[in-house]
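Engineer: Sequence and predicted structure are below.
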2 protein chains.
Amino acid sequence: MPAPASFTNYIDTHADAFIKRLGDAVAIQSISSDARRRQDVIVMGNWLNGQLNELGIETKLVDLGTHEMQGQTLQLPPAIIGRLGSDPAKKTVLIYGHYDVQPALKSDGWKTDPFTLVVDEDSGRLIGRGSTDDKGPILGWLNVIEAHKNLGIAMPVNVRFCFEGMEENGSEGLDECIQEEVKKGKDGWFDGVDCVCISDNYWLNTRTPALTYGLRGIAYFSINITGPGQDLHSGLFGRTVHEPMTDLIKLMSKLVDNNGDILIPGIDDMVPPHDEEELKLYRKMDYTTDDIEEAAGGKVALSSDKTTVLMGRMRLPSLSLHGIQGAFSDVGCKTVIPAKIGGKFSIRLVPPQTPEKVIPLVNTYLKAEFAKLNSKNKMEIEYLHGGKPWVADVRHWNFEAAKKAIEAVYKKTPDYTREGGSIPVTLTFAESLGVNVLLLPMGRADDGAHSTNEKLDRSNFIEGTKVLGTYLYEVGAAA
Amino acid sequence: MPAPASFTNYIDTHADAFIKRLGDAVAIQSISSDARRRQDVIVMGNWLNGQLNELGIETKLVDLGTHEMQGQTLQLPPAIIGRLGSDPAKKTVLIYGHYDVQPALKSDGWKTDPFTLVVDEDSGRLIGRGSTDDKGPILGWLNVIEAHKNLGIAMPVNVRFCFEGMEENGSEGLDECIQEEVKKGKDGWFDGVDCVCISDNYWLNTRTPALTYGLRGIAYFSINITGPGQDLHSGLFGRTVHEPMTDLIKLMSKLVDNNGDILIPGIDDMVPPHDEEELKLYRKMDYTTDDIEEAAGGKVALSSDKTTVLMGRMRLPSLSLHGIQGAFSDVGCKTVIPAKIGGKFSIRLVPPQTPEKVIPLVNTYLKAEFAKLNSKNKMEIEYLHGGKPWVADVRHWNFEAAKKAIEAVYKKTPDYTREGGSIPVTLTFAESLGVNVLLLPMGRADDGAHSTNEKLDRSNFIEGTKVLGTYLYEVGAAA
């Protein structure tokens, strides 16, 4: 069931007002990872809450308490839980978004002031911090509701909202907040939720809308090697002692091969091979290795075969070596034998992998490899943090509804994608509510979400708003 | 020819005054690597110059110009060139020392104020920054000359002096100063120098005096890997691109084996094997693997055989991995794929190795190993700095004189040692003057020269002064 023509017309005719409102949101410097901006995040939460209330959405601000950051005790910005409609005959959709943003300074390389939304008429870009991550998508939902309110049309579904102000800084307190709301059952605002929609990621490219049904998990480790009592001088001690760096580098060199294969036995093997049907999904995606190399800023793709690259990102685990703590890392020529070092690496996980399943494999392998070195140093494997992967059923009516909405608005079949990274709240919703979760991106691959000159294309904002509205109609019509 | 009894008596009876003078020197915070202390280094130079003049030594202060440091243009402390005696019938000994010190703060872990010389009566330790490195040895020479002046005895040799105030900060300007003085020939103050004596290193242990006849050189490299245009997110790019860290860690793992063997073909092979006579030297040294493990602060010696450990430090090259520039090195769990990294390592060199000889071996090997990786990243091998090794002829009368002096004062045969590190001025003297250079350490292995609670044992200061004086008599008597 498509959205009524009056709705899409309203979106087109009010585009400039929507962009102005996005500008108002971008102007609030709601940087959650900077203690000096914490008050701005709270101001942004209040601004958003006011907008929701004006549109007739009932809200409550959930106090998430305080946390320690940059040597200060800071108030956490509130989670905003909202509800609109309680018609038992209608489906109920829970919408998530975040109103905080990444840091941005003009001196980082921005061509314009990051907190003044610039409308570039030539390129059609709306440039500013938070334009695509995630203020644009949040305001997309508000645009939809405003249209219905002002047109006097009933919403096709009941809507629940969950907006947070700490997504760019670990989503502190959010999991507990969601779980508590769910636990309230009939008395909670998430009662009766039929599906979840999150608009906080990106198309695979700059051309084709996408639906995202998977996220990789992660297990992050440090291989800690100790031996000498203090850092030693390489002139005095070189070739007399077991140097921790020699051991660590040998171990780190045995984790991943240059083609990306993970060398820890049992990790790659844990993932079932793809079947022909899945392969077709990747073949169909509008993607080339040029896309990945453009995004990476260098001709460094692991393969010239696009399906290999896509599967490497979406359906296979990956192992990255991040660096070494405690070794010499500065400019110059320090002749040090570092005494106490930690080699950091992480494994991105895909189903059926979980941190619990890979930790023992990592431990067993590294202990065996370390034993082979005959070193008198000590090794300890430290598991630093992790999270499970997530994959949704794309045949669910929630995904079908989004597919139809995209086809109606963009006249294109969406790419079905899995993200290589993680959005932890996805798993929290899926596990605590037990319903299908859909990732419905509004922006494009080149939006530069965490980078300089972040933008949302005007067409993605306006057509994307239509997709969000149409999606709700398709959900409402789903059997 | 032993020193006259009146000389050794004078040293014993004036010990307290010598220690007081050492205290005056330690009190001047002549830290050459701290811009805020530069004026103190110059004050120290002037103090030393005054002491030399009072003892009848003619001096000239050589202006070494200015240098840039910590954002400032700083005056370099002067080199002090001195002379005492010009009897053509006597040998001429050139003495080197440095009057600057390493930084020291009580908060670093000093038990007493670093710049107040503390005489610990129980342990016999003289504790303070510069006590052993290198103010104690410099004042040892002054003690010798004072004794002769006050006793009215003629010095057995002519003496030339070269004292600098930048040794702990790269000896800026010193090489040029020495070379210019040598170039002056008959008009220069170094004309007619027969041998050089440097007292600026340490015994091999805490028990047996040493003579040092070798220093390792160094060649310092960075393996630079680049590929992606900017740091990438491991979620988005893991298993899709050639990660520079994967390449770098593989290359670094192929440089040195866990037993200390250098894996770059041709480097270890370049060193001639030891003969039985040389082996005897190492066997004879008063040393155990406990000594090295105590110094290293951990049970991490590469071998339980002392000759293997000693040869590893003294007569073999060593390769140490220092760290990685541009990778993640902080605490925490950054999920970064670093885009532009440099792996730092250095090779300590022994004759006949030179930086010029090992650089092509390093380049050839690493290029071949990198080619095997089939990576699309780029590798560049950067040679950062280096210096040649040095070995002196221990059968020279200069070494014989020092050996006799040690036997006379300590009633022990010295250990003949080679240092694993470098003292670049040694090579400058050897090459520019073409005479034998002797390293005659005053302090013990546990003096903590660059560490907290630096000390010089009272007996090393006083008996060491006797050794310096007796050495001059033995030089004077040498055929």
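Structural biologist: Received the coordinates, thanks. Source: prediction; values computed, not measured.

Engineer: Now do the helices in chain A.
Structural biologist: In chain A, the helices defined using DSSP state H lie at A:5-13, A:15-26, A:38-54, A:135-151, A:174-183, A:234-237, A:244-252, A:276-284, A:289-296, A:306-314, A:355-372, A:397-410, A:424-433, A:458-477.

Engineer: Now those helices in CSV, please, with extra columns for mean pLDDT and distance to chain B.
Structural biologist: C-beta here means a position set from N, CA and C on the backbone, and glycine is covered the same way. Converted to CSV, the helices of chain A look like this (pLDDT from 0 to 100; distance: least, C-beta to the nearest C-beta, whole Å):
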stretch, mean pLDDT, distance to chain B
helix A:5-13, 98, 31
helix A:15-26, 98, 23
helix A:38-54, 98, 20
helix A:135-151, 98, 18
helix A:174-183, 96, 18
helix A:234-237, 91, 2
helix A:244-252, 98, 4
helix A:276-284, 91, 13
helix A:289-296, 90, 5
helix A:306-314, 95, 4
helix A:355-372, 98, 9
helix A:397-410, 98, 22
helix A:424-433, 94, 12
helix A:458-477, 98, 19
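
Engineer: Pick the most deeply packed of the ones you listed.
Structural biologist: Highest mean neighbour count among those (mean count of other C-beta atoms under 10 Å in any protein chain shown): helix A:244-252, with a mean of 26.

Engineer: What are the contacting residues of it?
Structural biologist: Applying C-beta atoms under 8 Å, 6 or more residues apart in numbering or on different chains, the contact partners of helix A:244-252 are A:223, A:225-228, A:321, A:324, A:327, A:337-341, A:343, A:345, A:366, A:369-370, A:373, A:375, A:377, A:379, B:249, B:252-253, B:256-258, B:320-323.

Engineer: repeat that for 6 Å
Structural biologist: Outside helix A:244-252, the residues that touch it by C-beta atoms under 6 Å, 6 or more residues apart in numbering or on different chains are A:223, A:225, A:227, A:321, A:338, A:341, A:343, A:369, A:373, A:375, A:377, B:249, B:252-253, B:256, B:258, B:321.

Engineer: Check stretch A:376-394 too.
Structural biologist: With contacts defined as C-beta under 6 Å, 6+ apart, stretch A:376-394 is touched by A:213-227, A:242, A:244, A:247, A:349-351, A:354-355, A:359, A:363, A:366, A:370, A:416, A:422, A:424, A:426-427, A:436-437, B:299-300, B:333.

Engineer: among these, which ones are buried?
Structural biologist: Among the contacts of stretch A:376-394, those classed as buried by 16 or more other C-beta atoms under 10 Å in any protein chain shown are A:213-227, A:242, A:244, A:247, A:349-351, A:354-355, A:359, A:366, A:370, A:416, A:422, A:424, A:426-427, A:436-437, B:300, B:333.

Engineer: thought A:Arg129 was touching A:Leu105?
Structural biologist: No: using C-beta atoms under 6 Å, A:Arg129 is not in contact with A:Leu105, being 9.8 Å away.

Engineer: Which one's more surrounded, the two?
Structural biologist: A direct count of neighbours by other C-beta atoms under 10 Å in any protein chain shown for A:Arg129 and A:Leu105 places A:Arg129 higher, at 28 against 10.

Engineer: Which residues lie in contact with that one in this structure?
Structural biologist: By C-beta under 6 Å, 6+ apart, the residues touching A:Arg129 are A:101, A:104, A:114, A:454.

Engineer: which one of the residues you listed is nearest B:Asn53?
Structural biologist: A:Ala104 (63.7 Å; C-beta to C-beta).

Engineer: which residue sits closest to the closest one, ignoring its sequence neighbours?
Structural biologist: Excluding the flanking residues, the one nearest A:Ala104 by C-beta to C-beta, 6 or more residues apart in numbering or on different chains is A:Pro114, at 3.6 Å.

Engineer: distance of that neighbour from chain B?
Structural biologist: As judged by C-beta to the nearest C-beta, to the nearest Å, A:Pro114 and chain B stand 18 Å apart.

Engineer: now swap in A:Leu117 and tell me
Structural biologist: Noted for A:Leu117: a distance of 24 Å to chain B, by C-beta to the nearest C-beta.

Engineer: right, and that residue touches A:Gly128 too?
Structural biologist: Yes: between A:Leu117 and A:Gly128 a contact is recorded at 4.0 Å, counting by C-beta under 6 Å.

Engineer: Spit out the residues that contact the two alike.
Structural biologist: Common contacts of A:Leu117 and A:Gly128 (C-beta under 6 Å, 6+ apart): A:Val26.

Engineer: Settle it for me: which of these two has more neighbours?
Structural biologist: A:Gly128 (29 against 26).

Engineer: Can you check the pLDDT for that one?
Structural biologist: Looking at A:Gly128, its pLDDT reads 97.

Engineer: What is the neighbour count of the closest residue to chain B within the stretch 1-150 of chain A?
Structural biologist: Relative to chain B, the nearest point of the stretch 1-150 of chain A is A:Gly109 (10.4 Å; C-beta to the nearest C-beta). By other C-beta under 10 Å, 10 other residues sit near A:Gly109.

Engineer: need the contact list for it.
Structural biologist: By C-beta under 6 Å, 6+ apart, A:Gly109 lies in contact with A:Thr452.

Engineer: now do the one 10 residues further on
Structural biologist: With contacts defined as C-beta under 6 Å, 6+ apart, A:Val119 is in contact with A:Leu126.

Engineer: distance of it from A:Ser30?
Structural biologist: According to C-beta to C-beta, to the nearest Å, A:Val119 and A:Ser30 sit 21 Å apart.

Engineer: Point me to the residue of the stretch 251-400 of chain A nearest chain B.
Structural biologist: Among the residues of the stretch 251-400 of chain A, A:Gly297 lies closest to chain B, at 1.9 Å counting by C-beta to the nearest C-beta.

Engineer: so how far is A:Lys90 from A:Leu84?
Structural biologist: 11 Å.

Engineer: Check A:Leu232 too.
Structural biologist: Taking C-beta to C-beta, one finds A:Leu232 at 71 Å from A:Lys90.

Engineer: Ok, A:Arg83 next?
Structural biologist: 13 Å.

Engineer: who's in contact with the residue positioned nearest the centre of chain A?
Structural biologist: Taking C-alpha atoms, centre = their mean as the criterion, A:Ile423 is the residue nearest the geometric centre of chain A, at 4.0 Å. Residues counted as contacts of A:Ile423 (C-beta under 6 Å, 6+ apart) are A:Leu215.

Engineer: count of residues packed around the closest residue in space to the residue of the stretch 251-400 of chain A closest to chain B that isn't next to it in sequence?
Structural biologist: Excluding its sequence neighbours, the residue lying closest to A:Gly297 (C-beta to C-beta, 6+ apart) is B:Gly229, at 1.9 Å. B:Gly229 is flanked by 15 other residues according to other C-beta under 10 Å.

Engineer: and B:Gly229, what pLDDT?
Structural biologist: 91.

Engineer: Which single residue of the stretch 101-250 of chain A approaches chain B most closely?
Structural biologist: A:Gly229 (1.9 Å).

Engineer: Surely that residue touches B:Gly297?
Structural biologist: Yes: using C-beta under 6 Å, A:Gly229 is in contact with B:Gly297, at 1.9 Å.

Engineer: got a pLDDT number for the single nearest residue of the stretch 351-479 of chain A relative to chain B?
Structural biologist: Proximity of the stretch 351-479 of chain A to chain B (C-beta to the nearest C-beta) peaks at A:Gly421, 2.4 Å away. pLDDT recorded at A:Gly421 is 85.

Engineer: That's all I had, so thanks and see you.
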